[in-house]
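K.L.:
What shape does this take:
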Amino acid sequence: MTSSPDNILFLGPPDSPLLIWLKNQGENILSTTEKIDTGFIVNKHIDFLISYGYRHILKKNILDLLPDQAINLHISLLPWNRGADPNFWSFAEKTPKGVSIHRLDSGLDTGDILLQKEVFFDPQKETLASSYEKLHHEIQRLFMENWDKIKTGQIKGQKQQGQGSFHRLIDKESLFHRLPQGWETSASLVESLYSHERTGP
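P.N.:
The predicted model follows:
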């Protein structure tokens, strides 16, 4: 068990409910969406980092300054759907769905898992947008319920098991333009479109 961090860096949108919640808890927290370097960590005396919806990849020399003190919140059941658009791919490829809080390492969504929760959906009743919102609600709740243990190192990380899957932003382009209602498209239609793509007419 370690002491609570003095200076927390939140990497993500300024209107994130999680950032607002952390401030309301009295945490000494700094936030940005901009790309950071090692000087930022050192000069601001950051001793804990939370990444949630951050659009930049953190380099190893930054993470080396925060051993076991940098986490990421990802809306997939890792190791499934590492990388971009995890919710979309979980329906397109019919893989397990859920949320994960993991340590950051030099890979992309490959760090040790601190907490996970599998989430089940009925594709007939969900759209990409509605399932996306529910996953964010689940991961925020998982974080809030366990924040005291996370920040004091009471939760031991577990290595990710299995190969899972990984996607880049560009990977969904050939499919996404065919969705009739974009993010409001039924999850069941996403499943059937991708199944047809793989098996052919």
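K.L.:
so where's the chain uncertain?
P.N.:
Within the chain, the stretches falling below the threshold (pLDDT under 70) are 1, 196-201.
K.L.:
Determine the longest helix present in it.
P.N.:
When the chain is parsed with DSSP state H, its longest helix is helix 128-151.
K.L.:
Contacts for it, please.
P.N.:
Residues from elsewhere that reach helix 128-151 (C-beta atoms under 8 Å, 6 or more residues apart in numbering): 4-5, 8, 17-18, 21-22, 25, 48, 71, 73-75, 87-88, 91, 97-101, 114-115, 117, 119, 121, 126, 154-155, 179, 182-185, 187, 190. C-beta here means a position set from N, CA and C on the backbone, and glycine is covered the same way.
K.L.:
what element comes up after it heading to the C-terminus?
P.N.:
Using DSSP states H and E, the helix or strand that follows helix 128-151 in sequence is strand 166-167.
K.L.:
can you list contacts of the helix or strand just after that following strand?
P.N.:
Using DSSP H and E, the helix or strand that follows strand 166-167 in sequence is helix 173-176. The contact list for helix 173-176 (C-beta under 8 Å, 6+ apart) reads F88, A92, G182, L193, Y194, E197.
K.L.:
What would I type in PyMOL if I wanted to highlight the buried members of these and nothing else?
P.N.:
Buried residues among the contacts of helix 173-176 (16 or more other C-beta atoms under 10 Å), as a PyMOL selection:
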select buried, resi 88+92+193+194
